[in-house]
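K.L.:
just to be clear, the model below is a prediction. Sequence and coordinates:
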Amino acid sequence: MTTSDTEETQKLTNLSDLKGYKTTSRTYSGDGGIITSPAPDVYKPDEDNDNDNDNDEKNNLEPLNFEGGKQEFIQSEKYVDDTTSLEFDMIELEANDAILHHKMKLINDAIDEIGFTPYHLKLFFLNGMGYWTDTQLTYLESTVRTFINYQFGYKFPVSAECYAGGMILGAIVWGFGADLIGRKLAFNLSLLLSAIFTIMTGMMGNMASYCLFVLLSAFAAGGNLVLDTCVFLEYLPHKNQWLLTFFALFWGVGQTVAVALGYAFLPNNSCESYDNCPSESNHGWRYVWYTNGCIVLAMAILRVTVIRLKETPKFLIVNNRDAEAVQVLQEIATKYNRKCSLTVEQLAQYGNIESNEDFRKSFDLRGLLRLSFKHLKLLFATRKAVRSTVLLFISWAFLGISYPLYSSFLPQYLATRGANISADTIGGVYRDNLIANVCSIGGPIIAAALLLFIPRLGRRGVLFIGGISTMALLFGYTAVRTRGQNVGLTSSVYCCLYIYYGVIYAYTPEVMPSAARATGNCLCLFATRICTAMVPIIAYYSNTSSSVPIWICGAFVGVIGIIALFLPFEPSKQRVV
């Protein structure tokens, strides 16, 4: 075997000559063909390392198998030592596009070379605001729904269905759009539009107009969970990807804020029944919408002032905009005094990628539809990709129906069994709910800690823990008989459930190809939100005193925990492409 970038012939069985090199990749030719991946910086061996044993090399060079017998050996960017670990790219997601594989590898090398910077820290908080807004508006709508129905005389949860419809439309439009025209526009607009529509919702005087603006606010916010993880992930060094799981912390904060504002305004400014509920005695729900809208507006302003977001380098690469991708990375490296060895020439030598194209070349309805269909095909490009995508769709669908339906059936079921689990006043109800929502913040913290301190668990192991522990608590919930037991077990369920939530929201975009990352992410959200939208209808027309739905929903949560063990990709061991 011979290397393509050294003058002398080496045998693969004798790698001791590589000790002390610094390079991003090494390429070998063999019976399966030639794999070329340039190393921009190659340093001469350090003579002090000549006497080191061969075990070091074995720890720092491992084969990456390709179809057809091809093998590529990748070295760490750092000087080889006993602690260096190898990081491989998820090439099975790239639709057998060899050009894209090589380019994405260079981009990943450059991102890892730059490392974590203050720019990434700003992105963490600004993208976290999208998580915050998503759950804040969700809990806002459910918190005020009873008092809306009192005032406008409705019993069927029509506003809940409008909100769910808006979230579904938002996920689809923003998700497909982000893969077509880029992440930047949606990142800058989504929170701003959400804030405007949220404030206007509080001004409405009848159910029709109220539901319209509920739908619009949900539509504007519906793409946040699609975009936030995509934007942050496509800038993030591999060793810092555990931070994606930490995003769900903002989710817990958002719902806590919504419930806290409900606790502050609703008890003393709301009607208590359908009888005699004029607008002048039912202003609490308006105050809650106004206040939440102003908070979202403040976050929207921060998004466009704290940072000037540029298109992510991975989006640019998959759209054959190599020069722009290099410019983005070089600007970050220069601003924060980091090294970035990537050049346009290194990318240009491979030519244009074949599995995707720039939307600007097909900027008409037919062209956009064709490109969107192409993105859909990328989600099923290989056997492992098919398995991953299908299992994720199933997991998201089960997640969308299991816990919301469980929450709808449980109170009525317990009431028929003589349990007294609720507070006697509106204020007491919101206080209990606030305690449980605060505890939900602990879930993402636990998940991130498990990933950081017990890396062997990986994403799949933590998903399993979150799903199984939540199932056990949900089954135990049927034995609750007192208010104290209700608060304690609800808090525990929220904490364990958010272990799963935190990881699944991070894992999903990690195992999607860059060209179709937002598309795949939005389809998973579509699956869960369609199922969630069915919950109010099922609960409204079903016998809520039956125990069967409760046991089925608890089992669903356990099933998705088990499904996690069969997911084919483990992002903690492979780099995202």
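P.N.:
Arrived safely.
K.L.:
C-alpha from now on. contacts and neighbour counts both.
P.N.:
Noted.
K.L.:
how about low-confidence regions in this protein?
P.N.:
Scanning the chain for pLDDT under 70 picks out 1-87, 93-95, 357-363, 408-420, 543-547.
K.L.:
domains in it, by residue range?
P.N.:
96-358, 364-576 (the TED database).
K.L.:
can I get those in a markdown table with distance to residue 89 and mean neighbour count?
P.N.:
Listed next are these as a markdown table, based on distance: least, CA to CA, whole Å; neighbours: other CA atoms under 10 Å:
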| stretch | distance to residue 89 | mean neighbour count |
| --- | --- | --- |
| domain 96-358 | 7 | 21 |
| domain 364-576 | 4 | 20 |
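K.L.:
just send those back as JSON lines, with distance to residue 88 too.
P.N.:
Conversion of the domains of the chain to JSON lines gives the following (distance: least, CA to CA, whole Å):
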{"stretch": "domain 96-358", "distance to residue 88": "9"}
{"stretch": "domain 364-576", "distance to residue 88": "5"}
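K.L.:
do a quick rundown of the strands in the stretch 401-550 of the chain.
P.N.:
For the stretch 401-550 of the chain, strands defined by DSSP state E, counting those that start in this stretch do not occur.
K.L.:
show me where it has helices.
P.N.:
Remark: helices assigned in the stretch 401-550 of the chain by DSSP state H, counting those that start in this stretch are 426-440, 442-453, 458-477, 483-510, 517-541, 548-563.
K.L.:
which among those is found nearest to residue 390?
P.N.:
Ranking the helices of the stretch 401-550 of the chain by proximity to residue 390 (CA to CA) places helix 517-541 first, at 9.7 Å.
K.L.:
who are the packing partners of that closest one?
P.N.:
For helix 517-541, the elements it packs on are helix 158-181, helix 224-233, helix 365-378, helix 383-416, helix 483-510, judged by 3 or more CA pairs under 8 Å, 6 or more residues apart in numbering; DSSP states H and E.
K.L.:
now do 7 Å
P.N.:
For helix 517-541, the packing partners by 3 or more CA pairs under 7 Å, 6 or more residues apart in numbering; DSSP states H and E come out as helix 158-181, helix 224-233, helix 383-416, helix 483-510.
K.L.:
closest one to residue 255 among these?
P.N.:
When the helices and strands packed on helix 517-541 are compared for distance to residue 255 using CA to CA, the nearest one is helix 483-510, at 11.6 Å.
K.L.:
for the closest one, packing partners?
P.N.:
So helix 483-510, by 3+ CA pairs under 7 Å, 6+ apart, packs with helix 224-233, helix 243-246, helix 426-440, helix 442-453, helix 458-477, helix 517-541.
K.L.:
can you check which of those helices gets nearest to residue 392?
P.N.:
Of the helices and strands packed on helix 483-510, nearest to residue 392 by CA to CA is helix 517-541, at 7.0 Å.
K.L.:
from the chain's centroid, how far away is the closest one?
P.N.:
For helix 517-541, the separation from the chain centroid amounts to 16 Å (computed by CA atoms, centre = their mean, to the nearest Å).
K.L.:
name the residues that touch it?
P.N.:
For helix 517-541, the external contacting residues (CA atoms under 7 Å, 6 or more residues apart in numbering) are 157, 161, 164, 168, 171-172, 175-176, 178-179, 226-227, 230, 379, 392-393, 396-397, 399-401, 404-405, 408-409, 508-509, 512.
K.L.:
of the helices of the stretch 401-550 of the chain, which approaches residue 222 most closely?
P.N.:
Smallest distance to residue 222 across the helices of the stretch 401-550 of the chain (CA to CA): 9.2 Å, for helix 517-541.
K.L.:
taking helix 483-510 as reference, get the angle to that closest one.
P.N.:
Calculated by axes from the mean of the first three to the mean of the last three CA atoms, to 10 degrees, helix 517-541 forms an angle of 150 degrees with helix 483-510.
K.L.:
figure out which of the domains of the chain is closest to residue 90.
P.N.:
domain 364-576 (6.0 Å).
K.L.:
export the helices and strands packed on helix 483-510 to TSV and tack on distance to residue 131?
P.N.:
Converted to TSV, the helices and strands packed on helix 483-510 look like this (distance: least, CA to CA, whole Å):
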stretch	distance to residue 131
helix 224-233	6
helix 243-246	11
helix 426-440	14
helix 442-453	12
helix 458-477	19
helix 517-541	13
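K.L.:
how about the helices of the stretch 101-250 of the chain, start to end?
P.N.:
Under DSSP H, counting those that start in this stretch, the stretch 101-250 of the chain gives helices at 118-152, 158-181, 184-201, 207-221, 224-233, 243-246, 248-265.
K.L.:
out of the ones you listed, nearest to residue 483?
P.N.:
Smallest distance to residue 483 across the helices of the stretch 101-250 of the chain (CA to CA): 18.0 Å, for helix 248-265.
K.L.:
by contact count, what packs against whichever helix or strand comes after that closest one?
P.N.:
Next helix or strand after helix 248-265 toward the C-terminus (DSSP states H and E): helix 284-305. Using 3+ CA pairs under 7 Å, 6+ apart, the elements in contact with helix 284-305 are helix 118-152, helix 184-201, helix 248-265.
K.L.:
check which element follows helix 284-305 along the chain.
P.N.:
Per DSSP H and E, the first helix or strand lying C-terminal to helix 284-305 is helix 313-318.
K.L.:
then that next one to PDB, C-alphas only?
P.N.:
Taking C-alpha atoms only, helix 313-318 is exported to PDB below (Å, rounded to 0.1, in the frame of the first residue of the first chain):
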ATOM      1  CA  PRO A 313     -21.200  26.500   6.600                       C
ATOM      2  CA  LYS A 314     -22.800  23.000   6.100                       C
ATOM      3  CA  PHE A 315     -25.900  24.500   4.400                       C
ATOM      4  CA  LEU A 316     -23.500  26.500   2.100                       C
ATOM      5  CA  ILE A 317     -21.500  23.400   1.300                       C
ATOM      6  CA  VAL A 318     -24.400  21.200   0.300                       C
END
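K.L.:
what's in contact with it?
P.N.:
Looking at what lies outside helix 313-318 - CA under 7 Å, 6+ apart - the contacts are 182, 234, 322, 324-325, 328, 356, 514-515.
K.L.:
centre of the chain to that helix, how far?
P.N.:
Centroid separation between helix 313-318 and its chain, computed with CA atoms, centre = their mean, is 19 Å.
K.L.:
again, but for stretch 186-202
P.N.:
Relative to the chain's own centre, stretch 186-202 is displaced by 21 Å; criterion: CA atoms, centre = their mean.
K.L.:
repeat for stretch 202-221
P.N.:
With CA atoms, centre = their mean as the basis, the mean position of stretch 202-221 lies at 26 Å from the chain mean.
K.L.:
with stretch 160-176 instead?
P.N.:
Centroid separation for stretch 160-176 versus its chain: 16 Å, with CA atoms, centre = their mean.
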